[in-house]
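Participant: A structural model of the following input is requested.
(2 chains)
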There are 2 protein chains.
Amino acid sequence: MLFDQIADKWSMMVLAVLHAGPLRFNAIRRLLEGVTQKALTQCLRRLERNGLVSRRVITTSPVAVEYEITPLGRTLQDPLKALYAWTYAKMPEVEQARQAFDQRNGKG
Amino acid sequence: MLFDQIADKWSMMVLAVLHAGPLRFNAIRRLLEGVTQKALTQCLRRLERNGLVSRRVITTSPVAVEYEITPLGRTLQDPLKALYAWTYAKMPEVEQARQAFDQRNGKG
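Facilitator: Alright, predicted model coming up:
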């Protein structure tokens, strides 16, 4: 199922940081706080396989690998932006709900 | 991070099936092919804690538990619909990308 492979936190964050332009692996890693090397490698490979990101080896010394969002990947940005916007707008309501839930369940 | 808790396949599917009206646990389970009892229980609990779904015990015999989307949960439906629409519209392009990737990587 495609949905599975797109609707995960790291994939969405990778697409967000590539919006402005291509980035090298280590630059992406620095921007995604908390991601492990392994998780980011797998995530980028999945994005590449799904045609959302392209990978380019730059023959500098040492060799670098650069990632760029594809035209197909760009078409995902509007739906993702709407989801981000919702998250930011509704966070206070969600926080309230969480506190109420935790109090009802004896964790408050 | 809220995003994490919303952007997962089962949560999105639960919100989608509750769109038409409240449903009991077993009805939701039947509609979500492949979900385990445990995964669905955890998913519903997370949705309830985040204020997106409400849970109601119906004192029939045997007791039933019904889940309903909340007004806050309803505000998520538009952004989610946009993401679903993207998935359906772009699936052929994604499939092509996958085949090309697998061929490049010797799995074709």
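Participant: quick one: the strands in chain A?
Facilitator: A:23-24, A:53-58, A:64-69 (DSSP state E).
Participant: OK, contacts around A:S54?
Facilitator: By CB atoms under 8 Å, 6 or more residues apart in numbering or on different chains, the contact list for A:S54 reads A:E48, A:Y67, A:E68, A:T70. C-beta coordinates here come from the backbone N, C-alpha and C atoms, glycine included.
Participant: Roughly how far does A:V17 sit from A:L31?
Facilitator: In this view, A:V17 and A:L31 are 5 Å apart by CB to CB, to the nearest Å.
Participant: shared neighbours of these two, anything?
Facilitator: Shared contacts of A:V17 and A:L31, defined by CB under 8 Å, 6+ apart, comprise A:L23.
Participant: From A:Q103, how far off is the residue nearest to A:C43 when sequence neighbours are not counted?
Facilitator: Spatial nearest neighbour of A:C43, excluding adjacent residues (CB to CB, 6 or more residues apart in numbering or on different chains): A:W10 at 4.4 Å. A:W10 sits 32 Å away from A:Q103, going by CB to CB.
Participant: I'd like the strands of chain A laid out as a markdown table, including mean pLDDT.
Facilitator: Below are the strands of chain A laid out as a markdown table (pLDDT from 0 to 100):
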| stretch | mean pLDDT |
| --- | --- |
| strand A:23-24 | 96 |
| strand A:53-58 | 94 |
| strand A:64-69 | 95 |
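Participant: I'd like a version of the ones you listed in TSV, one that adds distance to A:Q99 as further columns.
Facilitator: TSV is the format used below for these (distance: least, CB to CB, whole Å):
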stretch	distance to A:Q99
strand A:23-24	38
strand A:53-58	38
strand A:64-69	38
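Participant: can you tell which of the ones you listed is closest to B:F25?
Facilitator: Taking CB to CB, strand A:53-58 is the member of the strands of chain A nearest to B:F25, at 38.6 Å.
Participant: which of the residues in that closest one are buried?
Facilitator: Of the residues in strand A:53-58, A:V53, A:S54 count as buried by neighbour count, 16 or more other CB atoms under 10 Å in any protein chain shown.
Participant: Figure out how far that strand is from the centre of its chain.
Facilitator: Relative to its chain's centre, strand A:53-58 lies at 17 Å (CA atoms, centre = their mean, to the nearest Å).
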